[in-house]
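**Student:** just a sequence and a predicted model for now, questions to come.
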Amino acid sequence: MDEQHVFLQGVSPGSVRSSLEVKILICYLLSSIAKPLTREQLVEVFSQNGLVNYFALTETLGELENLGQIQKIAHNGAEAYQVTSLGRETAKSLERSLPAATKEKAVNSALQLLRRMRIECENKVEIEKTQDGYLVKLRMLDVGSDLLDLSLLVPDKLQALAIKDA
C-alpha cells in the first residue's frame, strides 16, 4: 500500500483528500468553534465522520504548527491547539475550497464533543461495587448545593456502565 492510500484509509467519499484541504479544514474548525482542542479531541472530531485519516491529521498538525497557523497552549491542564490570527485568515480566505457538508460535519462534531465535555463536568457519575450488585451514583452539580443526588442499584456491571454512558 503506497503512502497516498495510507492517508486515505477510513476517509469517507466526498471528504477532504489533499494535505492542503486537511490544513484548511483544521484551521476552519478551530476558527469556527473558537475553543482550543487537544490532539485526541481533534482525532475524535475528524475520525468520527471519516473526515480525515488519523495519520494525515497528526502529520498536518505538526506542519500547521511549523507554519504558524496553529499553536499549542495549556488548556484545562492539557496541551491543546488553537488557531493563530494567520490560521484564521487562511481559513477565512480558503474555506470555499472545502465541501460545505464536510465543514458542517466537522463543526457539528466538535460542538457535540464540547457539549458532552461540559455535561460530564456538570454531572458526576460513580460506580461502586456492593454485595448486592453495583451502585450507580449520579450527582448534578449546581452553584451551591447539588441540584440532584441519585443512587441506583443494578445487578451487574454492564448495566451500571450503560447507565453511566447514557
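**Tutor:** Yes, it's here. Keep in mind the model is a prediction, meaning the values are calculated, not measured.
**Student:** residue contacts, residue 91?
**Tutor:** If a contact means CB atoms under 8 Å, 6 or more residues apart in numbering, then residue 91 has 24, 27-28, 30-32, 83 as its contacts. In this view, the C-beta of every residue, glycine as well, is placed from N, C-alpha and C.
**Student:** which ones among these map onto helices?
**Tutor:** Using DSSP state H to define helices, the subset of these located there is 24, 27-28, 30-32.
**Student:** distance check, residue 142 against residue 123.
**Tutor:** 11 Å (CB to CB, to the nearest Å).
**Student:** more neighbours, these two?
**Tutor:** residue 123 (13 against 10; other CB atoms under 10 Å).
**Student:** and the ones in helices among the contacts of residue 91, which is closest to residue 44?
**Tutor:** The shortest distance between residue 44 and any of the ones in helices among the contacts of residue 91, using CB to CB, involves residue 30 and amounts to 14.3 Å.
**Student:** can you verify my assumption that the closest one contacts residue 83?
**Tutor:** Yes. With contact defined as CB atoms under 8 Å, residue 30 counts as touching residue 83 (3.8 Å).
**Student:** give me the common contacts of the two.
**Tutor:** Contact criterion CB under 8 Å, 6+ apart; residues bridging residue 30 and residue 83 by contacting each: 70, 91.
**Student:** need the contact list for the spatially most central residue of the chain.
**Tutor:** With distances taken as CA atoms, centre = their mean, the residue of the chain nearest its centroid is residue 41 (3.3 Å). Taking CB under 8 Å, 6+ apart as the criterion, residue 41 is in contact with 80, 110, 113.
**Student:** and if you look at residue 160?
**Tutor:** Taking CB under 8 Å, 6+ apart, we find residue 160 in contact with 127, 133-134, 136, 154.
**Student:** this completes my enquiry, with thanks.
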